[in-house]
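**Q** Build me a model:
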Amino acid sequence: MKKSIKVMSFIMAAAMVMVGFSACGSDEGSSSKAADESKASSAASAASTADGSKAASGEQIKISCITMDSLDEHWLKLQAGAKAAAEKAGNVDIRFDAPSNKIDSTQQASLVENAINDKVDGIMLAALDSTALSNVVDKAHEAGIKVVLVDSGVDTENWDAFYSTDNAKAAQTAADTMAELVGSKGKIGIVNAQAGAGTTQIREQSFIQQIKDKYPEMETLSPVYSDGDKQKALAAANDYMNGNSDLAGIYGCNEGATVGVGQAVEQAKKADSIMVVGFDFSKDVEAMIESGAIKATMVQNPKVMGQKGVEAIVKLMNGETLSSKEEDTGVTVATKDNLEQVVADQSY
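**A** Here you go, the predicted structure:
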C-alpha cells in the first residue's frame, strides 16, 4: 500500500513538472513574440525617420532664412512670401537673419554657421558673395541640413533647390529696353551693387554682352560699384553725367542702384535726355517711374522666391522629391503704362 502511494506521488510530481515546463515555454514564447514585435516597431519607426517624415508627423521644422539685408523692400517681400508659406504649413518655425550691412559676407557666413550649430532643418540663403559663402553651404550640406538658395547662388553644387530670376535673360531684356529708349546709340553708364554678388554680376555682364552683340552704335562705360547704397549710386551717376556730355542712359543693377541713379538724373533735371533703366521695385522706384526719372525697371518676384523656398524644405523634410532643382521665378518690365498692375502684384 505504501509502495502504491509512493508511485502515485511520483507520477503526480512528474505531471506538475511537465505543466511547469509547458507554462515556462509559453511565457518564453510570448516574450520572444513581444520582442520581435518591438523590434519590428522600432524598425518601422527608424524607416519612417529615414524617409524624412518629420513634416508629416507634425513636428516643428526649423528654418533659418538669411538674406543680404533686412531693409530693402525686395527682402521684405521675400520674407512675406516665406512667412505666408510657413503659416500655411502650420508646423514651421522660421527665423530671419541678415548681416548689419550689405557688403559683409563674413558676417553672413557666421549667420549660416550659427544656423548649423542650432541644428536647423533647413537654410534659405541669398548669398552676398558666391565664393565667400560656398564653404559654409558645404558645411550645412555635410550636416544633413536642407539648403535652398533664393535670389543669388554660390560656387558649389551642395544645395537642394534654387529659386531666382533668370538674371541673364532679364539683363538682356533691360539692354533691349535701353536700346529702344536711346534709339540704339550712345554711351551707357552702369551702376552695380556688390562686386562679388553672383546675381548682380550676371545682370551687369549679360547687359554688356547684349549691347555688344546687338547694338554696334551703343557703348557701355566701365561699371561702378555702389554696394547697393543709394547715396553711392547717386554719386556714381553724377560722375557719369559730369564726365560724359554725350551720356545717353544709365543702367542700375539693383534697387539701391536704381533709386540712386534716378535721384541723380531727377536732381540734374535730365530725365528727358538721360534714360534710366533699373532692376527691382520699391515705393521709391514706383515714385520715380511716375515722375519719369526712371523709364523702366526689371521687376522680380521675391515673394514667390520666399514661398517656394519654404515649401521646398517642407517637402524635402517629408521625404518628397522636388519636381525641379532650379526654377526661374519670372520678371516683368515695369513702365508708366503698366505701373498700376505691377503695384498690385508687388503688394505685401
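
**Q** domain parsing for the chain?
**A** Using automatic domain parsing, the domain ranges for the chain come out as 54-163+302-328, 167-299.

**Q** now these in CSV, with mean pLDDT, mean neighbour count and distance to residue 346?
**A** For glycine as for every other residue, the C-beta is placed from the backbone atoms N, C-alpha and C. Output for these, formatted as CSV (pLDDT from 0 to 100; neighbours: other Cβ atoms under 10 Å; distance: least, Cβ to Cβ, whole Å):
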stretch, mean pLDDT, mean neighbour count, distance to residue 346
domain 54-163+302-328, 95, 20, 7
domain 167-299, 96, 21, 5
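
**Q** between those domains, which one is nearest to residue 338?
**A** The closest of these to residue 338 is domain 167-299. By Cβ to Cβ, the value is 9.6 Å.

**Q** so how far is the first residue of that closest one from its last?
**A** Using Cα to Cα, to the nearest Å, one end of domain 167-299 lies 11 Å from the other.

**Q** roughly how far out does it sit from the chain middle?
**A** 25 Å (Cα atoms, centre = their mean, to the nearest Å).

**Q** ok, back up a step: any chance of JSON lines for the domains of the chain, columns distance to residue 335?
**A** Output for the domains of the chain, formatted as JSON lines (distance: least, Cβ to Cβ, whole Å):
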{"stretch": "domain 54-163+302-328", "distance to residue 335": "19"}
{"stretch": "domain 167-299", "distance to residue 335": "5"}
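
**Q** Out of those, which gets nearest to residue 347?
**A** Of all these, domain 54-163+302-328 sits nearest to residue 347, with 9.0 Å by Cβ to Cβ.

**Q** could you dump stretch 140-149 to PDB, C-alpha only?
**A** Provided in PDB are the C-alpha atoms of stretch 140-149 (Å, rounded to 0.1, in the frame of the first residue of the first chain):
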ATOM      1  CA  ALA A 140      25.400  72.800 -44.000                       C
ATOM      2  CA  HIS A 141      25.100  70.100 -46.600                       C
ATOM      3  CA  GLU A 142      27.500  67.800 -44.700                       C
ATOM      4  CA  ALA A 143      25.500  68.300 -41.500                       C
ATOM      5  CA  GLY A 144      22.400  67.000 -43.300                       C
ATOM      6  CA  ILE A 145      20.700  70.400 -43.400                       C
ATOM      7  CA  LYS A 146      18.500  71.100 -46.400                       C
ATOM      8  CA  VAL A 147      19.900  74.200 -48.300                       C
ATOM      9  CA  VAL A 148      17.700  76.200 -50.600                       C
ATOM     10  CA  LEU A 149      19.200  79.200 -52.400                       C
END
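
**Q** Next secondary structure element downstream of the helix or strand containing residue 286?
**A** Residue 286 belongs to helix 283-291 when assigned by DSSP states H and E. Downstream of helix 283-291, the next assigned helix or strand under DSSP H and E is strand 296-299.

**Q** for that next one, packing partners?
**A** Using 3 or more Cβ pairs under 8 Å, 6 or more residues apart in numbering; DSSP states H and E, the elements in contact with strand 296-299 are helix 167-182, strand 275-279, helix 283-291, strand 332-334, helix 339-346.

**Q** Now do it: everything it contacts.
**A** 165, 170-171, 173-174, 177, 181, 258, 277-281, 285, 289, 331-335, 342, 345-346 (Cβ atoms under 8 Å, 6 or more residues apart in numbering).

**Q** Good, we can wrap up now.
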